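# Sharing a model prediction with you, sequence too.
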Amino acid sequence: MSAGHDHSHLSDTELRVRSLESLLVDKGMVDPAALDVLVQTYEEKIGPQNGARIVARAWAEPDFKTWLLADATAAIAEMGYHGRQGEHMNVVENTAQVHNLVVCTLCSCYPWPVLGLPPTWYKSAPFRSRAVIDPRGVLREFGTVLSGDVAVRVWDSTAELRYLVLPEQPKGCAGLGQNELAALVTRNAMIGVEKAAAPKRAGAA
Amino acid sequence: MNGIHDLGGMHGLGPIDAEVDEPVFHHEWERRILALALASGAMGKWNIDISRHARENQPPAQYLANSYYQTWLVGLEKLLLEAGLINAEELASGRSAKALPDDLAKRVLKADMVAEVLSRGGQFRMDDDVPAEFLLGDGVRVLNNHPAHHTRAPRYVRGHCGVVEQDHGVFVFADANAQGNKVPQHIYSVRFTAQELWGPDAAANDCVNVDLWDGHLEAAD
């Protein structure tokens, strides 16, 4: 799309944002080149592929998993992920007995360095309102049905701690490398609304 | 504040609309407002809790109607005006009437600084040697306070009892930080049973963990 000068098709919001950007650039308060780098960073460099690498390594290396659960901030930083909206990390582990789900009921806190910017549904009123009072209903909406003997633990991100769910490793992963394991780890599994995907392999049970 | 942003436990807000293969941004203006908000923060005129309050402090109908990035726009306009970085005439015209003072011009985020600034992140932990008021396993009750200002104690836990499960260490107290005061306090992960929060119809084995500061809690039996 070209940046034409006919603004008649623009929404009120678009006009307000354009006007504000013009003002702040005119004032010298923001550097347009820095704005482009910020956008590029969150659109192209930081995303759930980071978290998936962390999970795959935890599945493959027991010592790393132990470290990750004991001191997530340090273990994740060692993989090169740290900084804004991920300054203080906690990793919570799903098991056969416990399923974890992350929400921010008050705003939309989310671990940016490992998952990127949050999806729209995570920031929406329906998810934020119901995750704490009806987590099993929320999980069912994502197709995740848990038996009654699995405990659900919801983590409301009310402070500067950010949460990442370590999903259970699916069956049939023997022999997979960390890149193949990472491909099974969806963003939604690391928020806790889904389980990790089963490997698609000939002969897998 | 008992605002509409404090959504935990509300009914009737509809199904969760999870878009498949959702792009990072849906509109060009979303890219620009995200970047403008992050870049404007370099002026050092507000902290994360002041900016949260600027976003949450909207009329409820407007808050619910706005998308996430529309709320960022509302918040950023408010922060810039309140900090005196821009005035209402400038906001209306989109033109600068007054140059940025030299001390602020030095703070402008340049393209080659972005990676370092993002990877450094914010400073929320404090070095102060503040004793913890609670120990792991202690029973606590969330104070039944309803401040009109910013607070990170959601309404759905106020007055309810939980157990201290983890001491995260000493951090800046968000409720005071939103008013420009740096108060060091311990943050705890407090575990509440679902039945304590939502009554006997909730699943007996479910629970909710909420991160709360010393200033939100009192000892419970």
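That came through, no problem.
# Show me the domain layout of chain A.
Listed domain ranges for chain A are A:12-44, A:48-191 (source: automatic domain parsing).
# scratch that, chain B
Taken from automatic domain parsing, chain B resolves into B:28-120, B:139-219.
# Return the most buried member of these.
With neighbours defined as mean count of other CB atoms under 10 Å in any protein chain shown, those peak in mean count at domain B:139-219, which reaches a mean of 19. The C-beta positions use only the backbone N, C-alpha and C, and glycine is treated the same way.
# Please compute how far that one lies from its chain's middle.
Relative to its parent chain, domain B:139-219 has a centroid offset of 14 Å by CA atoms, centre = their mean, to the nearest Å.
# Then stretch A:173-184?
With CA atoms, centre = their mean, you get 19 Å for stretch A:173-184.
# and if you look at stretch B:24-34?
Taking mean C-alpha positions (CA atoms, centre = their mean), stretch B:24-34 and its chain are 21 Å apart.
# Any chance of CSV for the domains of chain A, columns distance to B:Gly84, mean neighbour count and mean pLDDT?
Below are the domains of chain A laid out as CSV (distance: least, CB to CB, whole Å; neighbours: other CB atoms under 10 Å in any protein chain shown; pLDDT from 0 to 100):
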stretch, distance to B:Gly84, mean neighbour count, mean pLDDT
domain A:12-44, 12, 18, 97
domain A:48-191, 25, 20, 97
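# Now tabulate those domains in JSON lines and tack on distance to B:His26.
JSON lines is the format used below for the domains of chain A (distance: least, CB to CB, whole Å):
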{"stretch": "domain A:12-44", "distance to B:His26": "12"}
{"stretch": "domain A:48-191", "distance to B:His26": "8"}
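# Redo these as JSON lines? Include distance to chain B.
Below are the domains of chain A laid out as JSON lines (distance: least, CB to the nearest CB, whole Å):
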{"stretch": "domain A:12-44", "distance to chain B": "4"}
{"stretch": "domain A:48-191", "distance to chain B": "3"}
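# Give me the nearest residue to A:Tyr110, chain neighbours excluded.
Leaving aside its sequence neighbours, A:Tyr110 sits nearest to A:Pro118 (CB to CB, 6 or more residues apart in numbering or on different chains; 4.0 Å).
# Would you check how far apart the one you found and B:Ala18 are?
A:Pro118 sits 12 Å away from B:Ala18, going by CB to CB, to the nearest Å.
# picking that back up, can you put the domains of chain B in JSON lines and add distance to A:Ala70 and mean pLDDT?
Shown next, in JSON lines, are the domains of chain B (distance: least, CB to CB, whole Å; pLDDT from 0 to 100):
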{"stretch": "domain B:28-120", "distance to A:Ala70": "23", "mean pLDDT": "97"}
{"stretch": "domain B:139-219", "distance to A:Ala70": "12", "mean pLDDT": "98"}
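# Out of those domains, which is closest to A:Lys27?
Nearest to A:Lys27 among the domains of chain B is domain B:28-120 (3.9 Å), distances taken as CB to CB.
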